[in-house]
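Visitor: Need a 3D model of the following:
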Amino acid sequence: MSRPLLIASVALASYAALNLAMAFVVAAVWRWSDTNRIGMSPAARARQLVWLRACPSVGAAFITITVITPAFAIFEPERASEMAGPVVIVLAALALLQIGVSVLVALATLARTRAVAGAWLQSARPLDVNPPAGIPAYTIESLTPVVALVGVFTPKLIAARTVIDSCTTEELAAIVAHERGHLQARDNLKRWLMACAPDALRWTPWHRDIAAAWHDAAEDAADDAATRGDERARVNLAALLVKIARLTPEPSWPAATVSPFVEKCGVDRRVRRLLTSGERNSTPSRWWPIAAIALLGATLAGVISPAAFEQIYLLVETVIAFGR
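Guide: Below you'll find the model as predicted:
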């Protein structure tokens, strides 16, 4: 195995091993931590869940690129060839599988989203509301009374004519304000990134649980953005959710990057929250800054200490030779 191929194999194997270890850590944090702490706003909870879900892939990539791969490349002699052991080969193959599946899911999701948006927008006309939507908004002719924000990088608000005709001006403004909350938080982009994260966590039930919890928090945050703490607005939005839910059958969304205004499976929870609680203040998460500082400190220690880099290299060499 040539030196460049060996370095690439080590990088891939390191990524696979690290994101597997971090997936277990995230699963433990998810299982034993309270992600619905009293006092934490939905927007803060949604941000926390996004970072929690991103930890295995982002953290593994960061450590692999900044610590392990440079350490190995610096100290690995210029040899004609060196055979990697089965551990490195299996881990590198696992990393390639994770990355390959992630790329395929990402491209397929983008393609499905584009197809859905194209089909909906064939009969689209600009949606004129007062106050102005502030986002690309369209009325469509659809047998399904859909209202949703669709798209990853340039989301568009689409609303079926049947919904528009059944809503008052105030109700339309509330719908637009809710979807604008999703747009400003870049929720469709976050939904897409979580759906195609290249890590071991995606194969576990915890991926679905974290994504579902984030979805609920994102919907609550958009509700808060639409009502801005006004109790009357919260009551009106709750009534509007029930009204639209009665018009809308339970859809099977063909793309991960659709943020519907209402889903029947979540209506009861959102209505109860709107009627029983006000907008909460955000309580900053305490353990995320500690974890970030610890990771940065460990990385900097490795970067500024040649001895630490050499120890990392020797450890990697041991793994490469294992079972050979």
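Visitor: D199: neighbouring residues, count only.
Guide: If you count neighbours by other Cβ atoms under 10 Å, D199 ends up with 29. The C-beta positions use only the backbone N, C-alpha and C, and glycine is treated the same way.
Visitor: Please tell me how far it sits from V105.
Guide: D199 is 12 Å from V105, where distance means Cβ to Cβ, to the nearest Å.
Visitor: and if you look at A217?
Guide: Distance, A217 to V105, using Cβ to Cβ: 23 Å.
Visitor: swap in L52?
Guide: Distance, L52 to V105, using Cβ to Cβ: 20 Å.
Visitor: between these two, which one's more packed in?
Guide: L52 (22 against 17).
Visitor: List the contacts of the more buried one.
Guide: 26, 29-30, 35, 210 (Cβ atoms under 8 Å, 6 or more residues apart in numbering).
Visitor: cool, and A11?
Guide: 64-65, 68-69.
Visitor: 6 Å instead?
Guide: 64, 69 (Cβ atoms under 6 Å, 6 or more residues apart in numbering).
Visitor: just checking, next helix/strand downstream of the strand or helix carrying it?
Guide: Using DSSP states H and E, A11 maps to helix 3-32. Note on helix 3-32: by DSSP H and E, the next helix or strand toward the C-terminus is helix 42-63.
Visitor: Centre of the chain to that following helix, how far?
Guide: Mean-position distance between helix 42-63 and its chain equals 8 Å (Cα atoms, centre = their mean, to the nearest Å).
Visitor: Now it: average pLDDT?
Guide: Average pLDDT, helix 42-63: 90.
Visitor: can I get the CA coordinates of it in CSV?
Guide: Output of helix 42-63 as CSV, limited to C-alpha atoms (Å, rounded to 0.1, in the frame of the first residue of the first chain):
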residue,chain,number,x,y,z
PRO,A,42,-38.1,25.9,21.9
ALA,A,43,-35.6,27.9,19.8
ALA,A,44,-32.8,27.1,22.2
ARG,A,45,-33.8,23.5,22.5
ALA,A,46,-33.9,23.2,18.7
ARG,A,47,-30.4,24.6,18.5
GLN,A,48,-29.2,22.2,21.2
LEU,A,49,-30.7,19.2,19.4
VAL,A,50,-29.1,20.2,16.1
TRP,A,51,-25.7,20.4,17.7
LEU,A,52,-26.3,17.1,19.5
ARG,A,53,-27.2,15.4,16.3
ALA,A,54,-24.2,16.9,14.5
CYS,A,55,-21.6,15.8,17.1
PRO,A,56,-20.6,12.4,15.7
SER,A,57,-19.9,13.6,12.1
VAL,A,58,-18.6,17.1,12.9
GLY,A,59,-16.6,16.1,15.9
ALA,A,60,-15.1,13.1,14.2
ALA,A,61,-14.2,15.1,11.1
PHE,A,62,-12.7,17.9,13.1
ILE,A,63,-10.4,15.6,15.2
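Visitor: Could you list the buried residues of that helix?
Guide: Of the residues in helix 42-63, 42-50, 52-57, 59-61, 63 count as buried by neighbour count, 16 or more other Cβ atoms under 10 Å.
Visitor: ok and it relative to helix 3-32, angle-wise?
Guide: 150 degrees (axes from the mean of the first three to the mean of the last three Cα atoms, to 10 degrees).
Visitor: what's downstream of helix 42-63, the next helix or strand?
Guide: helix 69-75.
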